[in-house]
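**Student:** Need coordinates for the following:
(2 chains)
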Amino acid sequence: MTPVAAVRASGLVKRFETTVAVDRVDLVVEEGEIRGLLGPNGAGKTTLLRLLFGLVAPDDGDVELFGRPLGASDAINLDGVAGFVEEPTFYPYLSGRVNLELFAELDGGADASRVEEVLDQVGLASRGGDRVSGYSTGMRQRLGIAAALLRSPRLLLLDEPTSGLDPAGARDMGGLVRRLAAEGTAVLLSSHLIGDLEQVCDSFTVLRLGKVVWNGSAVQLRDQAPGSAYRLATSDDARALEIAEQHPHIHATRSQTGEIRLAVQGRVDAYVLDLGRAEIAVRRLELVVSPLESMFFALTSDVELDSAGLAELAEAALAGT
Amino acid sequence: MSATHALRPGESFPGEVSRHYGGVRSVYRAERRKLATQLSTRLLALICVLGPFAFAGVLKIQSGSPADTLFGVWVHSSGFALSLVVLSFCGSWGFPVLAGVLAGDIFASEDRYGTWKMVLTRSSTRRDLFAGKVLAAITFSIGLLVLLAAASLAAGVLLVGTGDLVSLGGTTLSAGHSLALVVAAWLLDILPMLAFTSLAILLSIASRNGIVGVIGPAIVALVMQLLLLVGSGVWMHMLLVGSAFGGWYALFTAHPYYGPLVIACIVSVIWIVACLVGSWLILRRRDFAGAPVARRAGWVVPVRVAVGAAALVAFLAIAGNWGPAGDTAAKLKASIEPSFNNLTLLQQRELGRTVAPGAKLNVLPSCSRRASTPTGPGDWICTLDVFIPQPGAVPFQQTPVTYDVSVQSNGCYKAESPPSFVGQQTMKDADGNQVVNPLFVIYGCFNPL
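**Tutor:** A predicted model of the protein is given here:
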């Protein structure tokens, strides 16, 4: 018996009139793997998830979930496949708890204790009796995750799972996903916010205009990334800039506010050690553009990410754009 | 835990019980619960229970009666008549509205709340969801109809009593016989009720709009009522499911006939099957790509639908003349004459006069339609020449009684005569009680086939 992937999609194509939303996409998600599905808005991430859920039929290509072909016109009824597309939605006139009970009923019913358990897992135990119409976006997102957890997922498909969550909620969600993956659950997370996925995912698939433009592990991605950018503050910025010139893979500049910006192709470790040897105290070294972010921009935009490009990206990130 | 081989359809993960599949039954339970929690459903149930009691209570404190509805003049003398008046009213408006409110939003609400993608990403298939929702709508439709039937019977019996019911042939029916027929009448309306429930489901799925689904059946019922007034042919009138609500009238005639009843049941089943098959085909092929993406706003579709509906109504109006005429002078004469005879005898008995069993008046009826065409539903006039043997008269005294008759396409009619001919609506019986004058309004039905 050969192991099968949780998701195996090959040659998937989906067109909406003249627009090709998904263009010959191949995707594999193994059990226990957390794969990030990255791409700018309109890249085809949500359509791909809809295809995996069977909500839309592909125009071409095949999808297998745990080795089982997904019917073109019917929804999945495979145990343990769960998640949501876009924002999770509920019956607003019912409480969060009753919504979960109804969803559980569609799966053949669940114990009341199981509903309470998942409400507790997402931090909604105390608000479970409130009508969903009174929930905030973040609470609905949590309830969506609870609805997915009810199915004891072996494959979790989540679209923008941290959307609407506060930083603590996003961190909790990350922890929950990692815990599930450790138990063998395959997870596919879609987002256009790279920072949300960077610390969670083992591997990434990057989409652009419906096509896969990069596919690989997190390690491969960091290795292939064009670089990263930092904000640096030291006890002697002038000398720090001089020392930076001795490192060909580091491009250091002063910003208008007087801070040092480092565009780094590779690692920054050797430079920091040199600063120490020169008795320059590093007061602040803040990652502004991560390797994943630089890779994302390199793959999904037409901008060339050399040193100057990285510096521009850092300025844009610091400006909040 | 890991899946080490490809799962076959229906197979669950190794070592696990397949507990994430409840099929149609699960969806049915969930939908039943959703419907039961909705305010509209609870309100409908309350109206179904309290409505007949309120109606009976109002009638109790006033002398008037809903004489335009079959059995209407008898609501003060028999509780069964009250239940039948409620049933007649529901057949015109109540059931289509009930079906619309119950089923018109059951699918469209998933679009409104955007929950299709949530329910379709559970274990239930589209087929399960469709079947479960349809079954839930059918359950509640039948449940509310039964509730209304029980409440109207209870209100009639408790507030009016179990007096004999005057049939559509002028004969009297005992309490037991009346009860059996009234229950049968309510049960016979289940099929057309389900036809409107299915229509509401079709509108709900096709339009993805709860308002269309809720109001649509009532509008269709109104259009059907209007179409039943047009044309004199029986074929198209029989195919309009709105007419099926009146199939039970045939049971209450002196000589029940079953042809229209059977056709009403067949037509209802055809409507149910057609609407549900159409609904399933639309739902099965639908891409759930998100409403904003898949749907285009604009006037093109509504205008096309409106033009198509207008063309269909025009066609049906023309087709209303197809087939043999259902309402003819001969049929009306053959029906009204024995009814008049029976009601006259009933009147005489109530006045304390002895009537020999099987007594028969010598009546010569003549009926004609007021409009230019001699057949079809609408306003008719019937003159009943009664020949009464009189000592000294040669050979009889001829007494003409004229009735204005309003005939429906299903062969049922209401005949009214001015008080100068038949007396007031009520009269004093032999015991001095104020009772309904049986000849004031004559209700009857004949087989239009």
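**Student:** tell me which parts of the stretch 151-300 of chain A are close to chain B?
**Tutor:** A:151-152, A:154, A:183-184 (CB under 8 Å from any CB of the partner chain). C-beta coordinates here come from the backbone N, C-alpha and C atoms, glycine included.
**Student:** export the residues you listed to JSON lines and tack on pLDDT?
**Tutor:** Formatted as JSON lines, those follow (pLDDT from 0 to 100):
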{"residue": "A:Arg151", "pLDDT": "85"}
{"residue": "A:Ser152", "pLDDT": "85"}
{"residue": "A:Arg154", "pLDDT": "88"}
{"residue": "A:Glu183", "pLDDT": "88"}
{"residue": "A:Gly184", "pLDDT": "89"}
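**Student:** so can I have JSON lines of these showing secondary structure and distance to B:Val436?
**Tutor:** Compiled in JSON lines, these are given as follows (DSSP: H, G, I helix; E, B strand; the rest coil; distance: CB to CB, whole Å):
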{"residue": "A:Arg151", "secondary structure": "coil", "distance to B:Val436": "66"}
{"residue": "A:Ser152", "secondary structure": "coil", "distance to B:Val436": "69"}
{"residue": "A:Arg154", "secondary structure": "coil", "distance to B:Val436": "74"}
{"residue": "A:Glu183", "secondary structure": "coil", "distance to B:Val436": "79"}
{"residue": "A:Gly184", "secondary structure": "coil", "distance to B:Val436": "80"}
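**Student:** which parts of stretch A:25-45 are buried?
**Tutor:** A:25, A:27-40, A:43-45 (16 or more other CB atoms under 10 Å in any protein chain shown).
**Student:** Break the chain down into its structural domains.
**Tutor:** Since no chain was named, I'll use chain A. A:7-223, A:225-318 (automatic domain parsing).
**Student:** nope, chain B please
**Tutor:** If you go by automatic domain parsing, chain B breaks into B:23-232+B:240-292, B:329-445.
**Student:** And the pLDDT at residue 117?
**Tutor:** Going with chain A. For A:Glu117, the pLDDT comes out at 90.
**Student:** Wait, chain B was what I had in mind.
**Tutor:** 85.
**Student:** Leaving out sequence neighbours, find the closest residue to it.
**Tutor:** A:Val85 (5.2 Å; CB to CB, 6 or more residues apart in numbering or on different chains).
**Student:** Repeat that for A:Ala5.
**Tutor:** That would be A:Val28: by CB to CB, 6+ apart, it lies 4.9 Å from A:Ala5.
**Student:** now the one you found, what's its secondary structure?
**Tutor:** strand (DSSP: H, G, I helix; E, B strand; the rest coil).
**Student:** correct me, but it touches A:Val63?
**Tutor:** No: if you go by CB atoms under 8 Å, A:Val28 and A:Val63 don't touch, sitting 11.2 Å apart.
**Student:** where do the contact lists of the two overlap?
**Tutor:** A:7-9 (CB atoms under 8 Å, 6 or more residues apart in numbering or on different chains).
**Student:** Closest to A:Ala170 out of the residues you listed?
**Tutor:** Nearest to A:Ala170 among the shared contacts of A:Val28 and A:Val63 is A:Val7, at 23.9 Å by CB to CB.
**Student:** Could you give the bridge partners of the closest one?
**Tutor:** Beta-bridge partners for A:Val7, by DSSP bridges, are A:Val29, A:Leu65.
**Student:** Would you pull up the residue in chain A closest to chain B?
**Tutor:** As assessed by CB to the nearest CB, chain B sits closest to A:Gly67 within chain A, at 2.5 Å.
**Student:** Show the buried residues in the residues of the stretch 151-300 of chain A next to chain B.
**Tutor:** For these, buried by 16+ other CB under 10 Å: A:151-152, A:154.
**Student:** Any chance of a markdown table for the residues you listed, columns distance to B:Val97?
**Tutor:** Listed next are those as a markdown table, based on distance: CB to CB, whole Å:
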| residue | distance to B:Val97 |
| --- | --- |
| A:Arg151 | 39 |
| A:Ser152 | 44 |
| A:Arg154 | 47 |
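**Student:** and which of those residues is nearest to B:Met224?
**Tutor:** Using CB to CB, these come closest to B:Met224 at A:Arg151, 45.9 Å.
**Student:** what about that closest one, distance to A:Phe103?
**Tutor:** 9 Å (CB to CB, to the nearest Å).
**Student:** which neighbours do these two share?
**Tutor:** By CB under 8 Å, 6+ apart, the residues touching both A:Arg151 and A:Phe103 are B:Arg122.
**Student:** So which residues of the stretch 101-250 of chain A form strands?
**Tutor:** A:155-159, A:186-191, A:203-208, A:211-217, A:228-234, A:250-254 (DSSP state E, counting those that start in this stretch).
**Student:** Quick one: closest of those to B:Asn410.
**Tutor:** strand A:155-159 (56.2 Å).
**Student:** now the closest one and strand A:186-191, what's the angle there?
**Tutor:** 0 degrees (axes from the mean of the first three to the mean of the last three CA atoms, to 10 degrees).
**Student:** So in that sheet, which strands flank strand A:155-159, and in what orientation?
**Tutor:** Strand pairing (DSSP bridges) places strand A:155-159 next to strand A:81-84 (parallel), strand A:186-191 (parallel).
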